[in-house]
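1. turn this into a model:
(one chain, ligands or ions: 1)
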Amino acid sequence: MTARVAWIAAIVGIFCLRAAVSVEQAPSTSSGQARSTSSGQADPARAERLAWFHQAKYGLFIHWGLYAIPAGEWKGKRIPGIGEWIMNRARIPVGEYEQLAKQFNPVKFNAEEWVQLAKDAGMKYIVITSKHHDGFALYGSKVSKYNIVDATPFKRDALKELAAACAKHNMPLGFYYSQAQDWHDPNGAGNSWDFGPNDKKDFDKYLREKAEPQVRELLTEYGPVALVWFDTPQMMDAARAQRFTDIVRSLQPKTLIDGRLGAAGDYVTTGDNVIPPDVQSDAWEVPATTNHTWGYKTYDHDWKSPGQITFKLVDIVSKGGNYLLNVGPMADGVIPRPSQDLLRAVGGWLKVNGEAVYGAGPTPFGDELGEPSGKGAKDLRGQPLMLARTEWRVTTKPGKLYFMFFVEPRAPFELPAMKNTVKRAYRLADGAAIDTKVDGGRTYLNIERPILDPMATVIVVEIDGDRVIKGTN
Ligand code: H79
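-> Predicted coordinates:
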């Protein structure tokens with residue numbers, strides 16, 4: 001088994017294990033196999049759908065809903081865990097939780113500002129919760145009155161406004177939709193405290209009367225939908241998943257389906273905040289938080305730093321993936337200032353160095369990523385424990401290698417073994433030439449110290465030929 005297959009097997013294994021012991025399992029991925037049609041041919045329609053996604057690399061995830069009001073606290077008590085799970089974690093009865101709708105009046109919500117933030121951040125697509133597990137729709141659904149237009153004093157359709165702003169700024173917009181868990185619907189999965197165990201429910205009634213028609217609405221009333229982001233596929237089987245696939249494909253054939261529908265989507269979705277240890281050949285995306293929650297919590301101030309986010313972005317791109325990074329707007333419609341500042345700081349780096357990220361291919365090397373610790377050690381998820389290396393990463397475009405340094409490299413820096421000749425090397429930020437020398441068949445870069453940018457200094461290495469040929473001359 002290759003390391004890659006082992007990794008996929010490990011996360012799929014975790015999913016199955018959790019699913020067997022708990023209905024509140026962690027979401028996981030679809031198969032990591034390079035996808036082809038039943039005849040064994042590559043799927044050209046899928047490849048075409050994915051073209052923009054491979055270019056984009058970095059997207060803004062937005063978790064917004066009624067849970068932004070309690071924001072991690074219920075009846076004076078802090079409820080542990082992720083904020084959007086508060087209804088579940090505090091076992092709040094539907095009749096009580098739905099009262100929150102009467103208070104939901106985000107008068108400071110401004111779709112243009114949200115899109116502008118994504119643009120400033122260098123993010124190339126937006127995905128927003130149209131309905132999370134709590135069952136509340138953030139748009140004017142005709143299927144259920146439990147929605148932002150019919151059940152709140154706000155009465156505005158937030159997704160309509162966001163779709164219009166995205167269209168204006170050419171920003172692809174996708175919808176998160178919790179297809180299986182719906183704690184508001186007596187037959188939806190997950191709410192055992194009001195409605196009893198899942199196996200006593202008429203789950204197909206819920207799918208046919210709420211989830212499927214709502215997904216149909218999202219794909220007909222909001223313009224082009226870049227992707228549908230399904231989540232936690234409990235109770236899903238092949239037939240149920242197929243009905244969603246058919247809805248998406250028939251209404252908008254270009255729309256991508258993520259990896260958590262319960263059947264193979266268009267790309268692999270890794271576990272929440274899980275970045276694989278090495279390059280994945282199939283298209284993939286990691287959903288990730290900026291602190292420790294998706295929905296807003298007043299008391300989670302543990303934000304990642306711009307440097308940490310930049311490293312993760314580059315790490316992900318060097319492994320062939322996309323980074324879908326979350327913000328949790330407050331109940332008044334404002335995205336918390338610290339997360340805005342963080343995103344804009346990374347955006348500043350991308351403005352200068354984005355060429356190394358957007359549309360860039362993965363590392364042709366791999367030793368720089370780290371190595372299994374050996375001795376059979378396992379991490380918290382039961383996967384082989386990796387000793388990650390974090391000094392540098394590399395991405396590629398035809399004829400170019402982008403070396404990104406997070407710490408001072410050893411001087412001179414020895415390029416990984418390749419048969420290609422280095423034509424020239426320069427710093428991406430200012431074009432400053434980097435002195436190179438060849439010795440014993442290896443090329444060395446004399447990178448000035450200190451490195452220019454503490455977030456990451458990018459050195460472009462131009463080679464003869466489009467791609468790296470590994471080995472020594
Ligand atoms: O939308 C975000 C999460 O709400 C959703 N996926 C991301 C993108 C998600 N659904 N389920 N999970 C994540 C796994 C949930 C795990 C936990 Fe819990 C919820 C840990 C703490 C609260 C379940 C309930 C396990 C312990 C208590």
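2. residue 286 contacts residue 268, correct?
-> No. Using Cβ atoms under 8 Å, residue 286 is not in contact with residue 268, being 9.5 Å away. All C-beta atoms are positioned from the backbone trio N, CA, C, and that covers glycine.
3. the more surrounded of these two?
-> residue 268 (26 against 22; other Cβ atoms under 10 Å).
4. give me the neighbour count for the nearest residue to that one once chain neighbours are set aside.
-> Excluding the flanking residues, the one nearest residue 268 by Cβ to Cβ, 6 or more residues apart in numbering is residue 284, at 4.0 Å. Using other Cβ under 10 Å, residue 284 has 22 neighbouring residues.
5. contacting residues around residue 284?
-> 29, 32, 259, 267, 268, 269, 270, 276, 320, 321, 322 (Cβ atoms under 8 Å, 6 or more residues apart in numbering).
6. got it, and residue 395?
-> Taking Cβ under 8 Å, 6+ apart, one finds 314, 317, 318, 356, 357, 360, 361, 362, 363, 401, 402, 404 in contact with residue 395.
7. want to try a markdown table for those, with pLDDT and secondary structure as columns?
-> Output for these, formatted as a markdown table (pLDDT from 0 to 100; DSSP: H, G, I helix; E, B strand; the rest coil):
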| residue | pLDDT | secondary structure |
| --- | --- | --- |
| 314 | 98 | helix |
| 317 | 98 | helix |
| 318 | 98 | helix |
| 356 | 98 | helix |
| 357 | 98 | coil |
| 360 | 98 | coil |
| 361 | 98 | strand |
| 362 | 98 | coil |
| 363 | 98 | coil |
| 401 | 98 | strand |
| 402 | 98 | strand |
| 404 | 98 | strand |
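8. reformat those as JSON lines; add neighbour count.
-> Converted to JSON lines, the contacts of residue 395 look like this (neighbours: other Cβ atoms under 10 Å):
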{"residue": "314", "neighbour count": "27"}
{"residue": "317", "neighbour count": "26"}
{"residue": "318", "neighbour count": "27"}
{"residue": "356", "neighbour count": "27"}
{"residue": "357", "neighbour count": "25"}
{"residue": "360", "neighbour count": "23"}
{"residue": "361", "neighbour count": "18"}
{"residue": "362", "neighbour count": "20"}
{"residue": "363", "neighbour count": "26"}
{"residue": "401", "neighbour count": "26"}
{"residue": "402", "neighbour count": "24"}
{"residue": "404", "neighbour count": "26"}
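9. out of the residues you listed, which are close to the ligand?
-> Subset of these in contact with the ligand: empty, counting by Cβ under 6 Å from any ligand atom.
10. what residues does the stretch 251-400 of the chain put near the ligand?
-> So the stretch 251-400 of the chain meets the ligand at 272, 287, 294 (Cβ under 6 Å from any ligand atom).
11. surely the last one is in a strand?
-> By that I understand residue 294. No. Applying DSSP: H, G, I helix; E, B strand; the rest coil, one finds residue 294 to be coil, outside a strand.
12. ok, it touching residue 83?
-> Yes. Contact criterion Cβ under 8 Å: residue 294 and residue 83 qualify, at 6.8 Å.
13. from the chain's centre, how far out does stretch 67-74 sit?
-> 24 Å (Cα atoms, centre = their mean, to the nearest Å).
14. same deal with stretch 110-130?
-> That offset, for stretch 110-130, works out to 14 Å (Cα atoms, centre = their mean).
15. hmm, that stretch touching the ligand?
-> No. When contact is scored as Cβ under 6 Å from any ligand atom, no part of stretch 110-130 falls within range of the ligand; the minimum is 7.0 Å.
16. and that stretch, what's buried?
-> Applying a neighbour-count criterion of 16 or more other Cβ atoms under 10 Å, one finds 111, 114-115, 117-130 buried in stretch 110-130.
17. buried residues in stretch 234-241?
-> Buried-residue list, stretch 234-241, by 16+ other Cβ under 10 Å: 234, 235, 236, 240, 241.
18. ok, now which ones touch residue 59?
-> Contacts of residue 59 (Cβ under 8 Å, 6+ apart): 123, 124, 125, 126, 127, 174, 285, 322, 323, 324, 325.
19. got JSON lines for the contacts of residue 284, with secondary structure and distance to residue 308 too?
-> Conversion of these to JSON lines gives the following (DSSP: H, G, I helix; E, B strand; the rest coil; distance: Cβ to Cβ, whole Å):
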{"residue": "29", "secondary structure": "coil", "distance to residue 308": "24"}
{"residue": "32", "secondary structure": "coil", "distance to residue 308": "26"}
{"residue": "259", "secondary structure": "coil", "distance to residue 308": "25"}
{"residue": "267", "secondary structure": "coil", "distance to residue 308": "24"}
{"residue": "268", "secondary structure": "strand", "distance to residue 308": "23"}
{"residue": "269", "secondary structure": "strand", "distance to residue 308": "22"}
{"residue": "270", "secondary structure": "coil", "distance to residue 308": "18"}
{"residue": "276", "secondary structure": "coil", "distance to residue 308": "18"}
{"residue": "320", "secondary structure": "coil", "distance to residue 308": "21"}
{"residue": "321", "secondary structure": "strand", "distance to residue 308": "17"}
{"residue": "322", "secondary structure": "strand", "distance to residue 308": "18"}
